[in-house]
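[1] give me coordinates for this.
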Amino acid sequence: MRAIRLVLLSGLSLAAFIGKLQGAPEVDFGFGSVTNASNYTPSAESRHEEGPGLLPADRAYVRAGTNQFAFLIPAGLKLETWSDGRVALVSRDYSRQIIFRLAGPPEPDGAELDSEAWSQKVMAQHPKANLVRTFSAFADSRRGPAYEIAFVESAGAVRRGLVAFIPSRVAMLEFSLICSPENFEAARQQFNTVMLTFRSSDPKGELHISPLSDKL
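    Purely as a prediction, here's the structure:
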C-alpha cells in the first residue's frame, strides 16, 4: 500500500488515475458566481486530505476573484505563489518547476485555438528554445495545444520543458514544466498528474473535487 501511495502522488497514467477516482465521494466548495479570473491576482494554499477509505494527498487550492481551481500536488514538490501571479510547484532545489497561471481572458465559447499562434507565444517566452513537438493536452475535460521545448539557459544549463494552454469559462489557462533533461520523464508524469486532477469551479461558482479512493 505504501508503494501504491508513492506512485499515485508522484504521477500516474491517465487510466490508473481514473480507476482511483471512480466511486470516490464528491466534495463541493461554493465561492459565488463566476467572474473573469484573469482580472485577479491568484492566491493559493495547500491542504492535506485524508480519511477513511481515502489515500492521503496534498492538494492545491487557487482562488482568483470568485473563481476557484484545484489540483493534486505530486510528492516531492511544494506549493508557492510568486509575485508575478504564477502558482508554482517546485522541488527543494528549484530544478523542477511546474507552473500554473492565468494567461489571459477567456476565448469565445467553442473557439478553436490556433496552435501556431500559441506556439509563437511559447517561443516569445523562451526565445532560445527549440520546439521539439506539438501535441494536444487535456485538463478539466477541455483540450488545448501543448508544446515540448528544449533550451539552454544563460548560465549554460540545459533544460527541457512542456507548455500547455487550456481554455476555460473564466480565463485562458497555462500549465508549464521546466526541468533538467535527466529528470524530464519523471517530471512529465508529475505534470500529467497536475493536469489530470485539475478542476475549476462551475458556472455557479462551485468547485467539485473527488478525493482519492484507496480501493483498486
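[2] what ranges do the helices span in the protein?
    Along the chain, counting by DSSP state H, helices occupy 2-10, 14-21, 115-125, 184-196.
[3] and those, which one's lowest on average pLDDT?
    The stretch with the lowest mean pLDDT among the helices of the chain is helix 14-21, at a mean of 35.
[4] what are the ranges of the strands in the chain?
    With DSSP state E as the criterion, the chain has strands at 27-30, 43-49, 57-64, 67-72, 78-81, 87-90, 97-104, 130-139, 142-152, 158-167, 172-179, 199-200, 206-209.
[5] now those in a markdown table, with mean pLDDT and distance to A117?
    Glycine gets a C-beta too; all of them are placed from N, C-alpha and C. A markdown table is the format used below for these (pLDDT from 0 to 100; distance: least, CB to CB, whole Å):
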| stretch | mean pLDDT | distance to A117 |
| --- | --- | --- |
| strand 27-30 | 31 | 34 |
| strand 43-49 | 94 | 29 |
| strand 57-64 | 95 | 24 |
| strand 67-72 | 96 | 24 |
| strand 78-81 | 97 | 29 |
| strand 87-90 | 98 | 24 |
| strand 97-104 | 96 | 12 |
| strand 130-139 | 96 | 12 |
| strand 142-152 | 95 | 9 |
| strand 158-167 | 96 | 10 |
| strand 172-179 | 97 | 12 |
| strand 199-200 | 95 | 23 |
| strand 206-209 | 89 | 30 |
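[6] got the ones you listed as TSV, with distance to V122 and mean neighbour count columns?
    Conversion of those to TSV gives the following (distance: least, CB to CB, whole Å; neighbours: other CB atoms under 10 Å):
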stretch	distance to V122	mean neighbour count
strand 27-30	32	12
strand 43-49	24	13
strand 57-64	22	20
strand 67-72	21	24
strand 78-81	22	15
strand 87-90	18	21
strand 97-104	11	20
strand 130-139	7	14
strand 142-152	5	19
strand 158-167	5	22
strand 172-179	9	23
strand 199-200	22	22
strand 206-209	29	16
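[7] take those strands and write them to a markdown table, including distance to N192.
    Shown next, in a markdown table, are these (distance: least, CB to CB, whole Å):
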| stretch | distance to N192 |
| --- | --- |
| strand 27-30 | 23 |
| strand 43-49 | 19 |
| strand 57-64 | 16 |
| strand 67-72 | 11 |
| strand 78-81 | 18 |
| strand 87-90 | 13 |
| strand 97-104 | 10 |
| strand 130-139 | 9 |
| strand 142-152 | 11 |
| strand 158-167 | 9 |
| strand 172-179 | 10 |
| strand 199-200 | 15 |
| strand 206-209 | 18 |
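[8] distance of P108 relative to N67?
    Using CB to CB, to the nearest Å, P108 is found at 18 Å from N67.
[9] then Y147?
    Y147 sits 26 Å away from N67, going by CB to CB.
[10] got it, and T197?
    Counting by CB to CB, the gap from T197 to N67 is 17 Å.
[11] same thing with H208?
    Distance from H208 to N67, by CB to CB: 14 Å.
[12] can you check C179 too?
    29 Å.
[13] again, but for S46
    Taking CB to CB, one finds S46 at 18 Å from N67.
[14] please apply the same query to A88.
    Counting by CB to CB - A88 and N67 are separated by 19 Å.
[15] same question, I209
    In terms of CB to CB, I209 sits 15 Å off from N67.
[16] R133 now?
    Distance from R133 to N67, counting by CB to CB: 32 Å.
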